[in-house]
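Chemist: My questions concern the predicted model and sequence given below.
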Amino acid sequence: MTQAADNTREVLDHLERLHPAPAGTSAPREVVLVTGISGSGKSVALHALEDAGFFCVDNLPPELLREFLRLEHERFDRRVAIAVDVRSAGSLPHLLPLLEELKGEGVAITALFLDASTDALVRRFSETRRPHPLSDETLAAATLPNRRREDLRHEGRRALVDAIEFERELLSELREVSTVIDTSQLRPAQLRTWMRDLVRADANRLTLVFESFAFKHGVPLDADYVFDVRILPNPYYIRELRPQTGRDAAVAEYLQAQPEAAEMLAQIETFLTRWLPAFEADQRSYLTVAIGCTGGQHRSVYFAETLARRFGARSGTLVRHRELDARD
């Protein structure tokens, strides 16, 4: 067991001695698990959850997760957010089965995985001058599978890009079972807002997220479906509409008058209506539908807003605009 796990267990044992567990208690009913790539914004996300009323714990060793949840529920019965990352890489293989067990016992676990493009991560590490957790030879050798340790001893310090890509490999299975949030183009204020929106959503229903974006800034990593509306007439080339956005009435009226825009909207709506029940039956927590245009200002924004209204009768429908939100 790691030193962090030893220290955490000492704290848990101390709490157990101070407050013996009453009979018939169970784990807390609402837990948010925050994980992701180093430098993707996990600290910002945890602070947002703390502001939203969650009790937050950073870098809890996975082997202590069940015990911590039990004690937390017995003492306080409050909403809990826990961050787990590559610093506990040696314990990560045990995390996925444990999450399935806890869900089977009725614990509502929302797993959020923060990700970002490699270019964005390299820029952030360069700006902060902080080392990547896997850049240190000793830490990497202690936390990675045996088949890689010998190689690491002879490699010395990793290049930053190599460390990032290797971290992606280590966390790939956890990413597959989580809701992904792409922070590549997000300011901290945007991420805090998105986190608050996600945790307010009904954990027992699939949350449908419509997100507009600009293709020139890259496709969102968290998109489950991507629709390209660049083939539609562009309001940008109409002088009066250029400074406006897809949320403005004049832009909406212009696009509503375009037959192909109405046809594409209807086809996307039909597609989602047909397949949403299947995603709900698969117990998915979130489905992100990304709509992209050239600048992320007119067409994609109009489509995201319109689709959000059409599906607004559902209890869990969110709309966000990657490029527009960055300006606010």
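Modeler: Yep, it's here.
Chemist: Any figure for the gap between Met195 and Phe210?
Modeler: In this view, Met195 and Phe210 are 18 Å apart by Cβ to Cβ, to the nearest Å. (C-beta placed from N, C-alpha, C; glycine too.)
Chemist: wait, Glu105
Modeler: Distance, Glu105 to Phe210, by Cβ to Cβ: 33 Å.
Chemist: Show the pLDDT at Thr138.
Modeler: Here, the pLDDT recorded for Thr138 equals 41.
Chemist: Now the phi/psi pair for the closest residue to Asp182 other than its chain neighbours, please.
Modeler: Leaving aside its sequence neighbours, Asp182 sits nearest to Leu221 (Cβ to Cβ, 6 or more residues apart in numbering; 3.7 Å). The main-chain torsion angles of Leu221 are listed as degrees, to the nearest 10 and equal phi -70, psi -20.
Chemist: what's the helix or strand for Leu276?
Modeler: Applying DSSP states H and E as the criterion places Leu276 in helix 259-281.
Chemist: and that helix, what other elements does it pack with?
Modeler: Helices and strands touching helix 259-281, by 3 or more Cβ pairs under 8 Å, 6 or more residues apart in numbering; DSSP states H and E, are strand 286-293, helix 299-310.
Chemist: Would you mark the buried spots in it?
Modeler: For helix 259-281, a neighbour-count test (16 or more other Cβ atoms under 10 Å) marks Ala261, Met264, Leu265, Ile268, Leu272, Leu276, Phe279 as buried.
Chemist: my guess is the third one meets Phe303, correct?
Modeler: Yes - using Cβ atoms under 8 Å, Leu265 is in contact with Phe303, at 6.5 Å.
Chemist: Starting from Val229, give me the distance back to Leu221.
Modeler: For Leu221, the distance to Val229 (Cβ to Cβ) stands at 20 Å.
Chemist: Compare those two and say which is more crowded by neighbours.
Modeler: Set side by side, Leu221 and Val229 show more neighbours around Val229, with 24 against 20, by other Cβ atoms under 10 Å.
Chemist: Redo the helices and strands packed on helix 259-281 as TSV? Include distance to Ser117 and mean pLDDT.
Modeler: Below are the helices and strands packed on helix 259-281 laid out as TSV (distance: least, Cβ to Cβ, whole Å; pLDDT from 0 to 100):
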stretch	distance to Ser117	mean pLDDT
strand 286-293	15	95
helix 299-310	19	96
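Chemist: Can you give me the pLDDT of His73?
Modeler: The score at His73 is 74. That number is its pLDDT.
Chemist: so how far is the host helix or strand of it off the chain centroid?
Modeler: With the criterion set as DSSP H and E, the secondary-structure element containing His73 is helix 65-75. How far helix 65-75 lies from its chain's middle: 24 Å, per Cα atoms, centre = their mean, to the nearest Å.
Chemist: Now that helix: buried residues?
Modeler: For helix 65-75, a neighbour-count test (16+ other Cβ under 10 Å) marks Leu65, Glu67, Phe68, Leu69, Arg70, Leu71, Glu72, His73, Glu74 as buried.
Chemist: what do you get for stretch 90-109?
Modeler: Neighbour counts using 16+ other Cβ under 10 Å place Gly90, Ser91, Leu92, Leu95, Leu99, Leu102, Val107, Ile109 of stretch 90-109 among the buried residues.
Chemist: can I get those residues in TSV with pLDDT?
Modeler: Shown next, in TSV, are the buried residues of stretch 90-109 (pLDDT from 0 to 100):
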residue	pLDDT
Gly90	73
Ser91	75
Leu92	78
Leu95	86
Leu99	88
Leu102	86
Val107	83
Ile109	86
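Chemist: Show me which pair in those residues is furthest apart.
Modeler: Within the buried residues of stretch 90-109, two members stand farthest from each other by Cβ to Cβ: Gly90 and Val107, at 23.9 Å.
Chemist: coming back round to it: run through the residues that contact the residue nearest to Asp182.
Modeler: Residues near Leu221 by Cβ atoms under 8 Å, 6 or more residues apart in numbering: Asp115, Ala116, Ser117, Val180, Asp182, Ser184.
Chemist: now the last one: how far from Arg314?
Modeler: Plainly put, Ser184 is 28 Å away from Arg314 if you go by Cβ to Cβ.
Chemist: same thing with the third one?
Modeler: Taking Cβ to Cβ as the measure, Ser117 falls 31 Å from Arg314.
Chemist: and what of the fourth one?
Modeler: Here the criterion is Cβ to Cβ. By it, Val180 lies 21 Å from Arg314.
Chemist: Where do the strands of the stretch 101-250 of the chain begin and end?
Modeler: For the stretch 101-250 of the chain, strands defined by DSSP state E, counting those that start in this stretch occupy the ranges 108-115, 179-182, 207-214, 225-228.
Chemist: most neighbours per residue, which of these?
Modeler: Comparing the strands of the stretch 101-250 of the chain by mean neighbour count (mean count of other Cβ atoms under 10 Å), strand 207-214 comes out on top with a mean of 25.
Chemist: what's the angle between it and strand 286-293?
Modeler: Following axes from the mean of the first three to the mean of the last three Cα atoms, to 10 degrees, one obtains 20 degrees for the angle between strand 207-214 and strand 286-293.
Chemist: all numbers from here: first residue = 55
Modeler: Noted, 55 is the first residue going forward, which turns the last one into strand 261-268.
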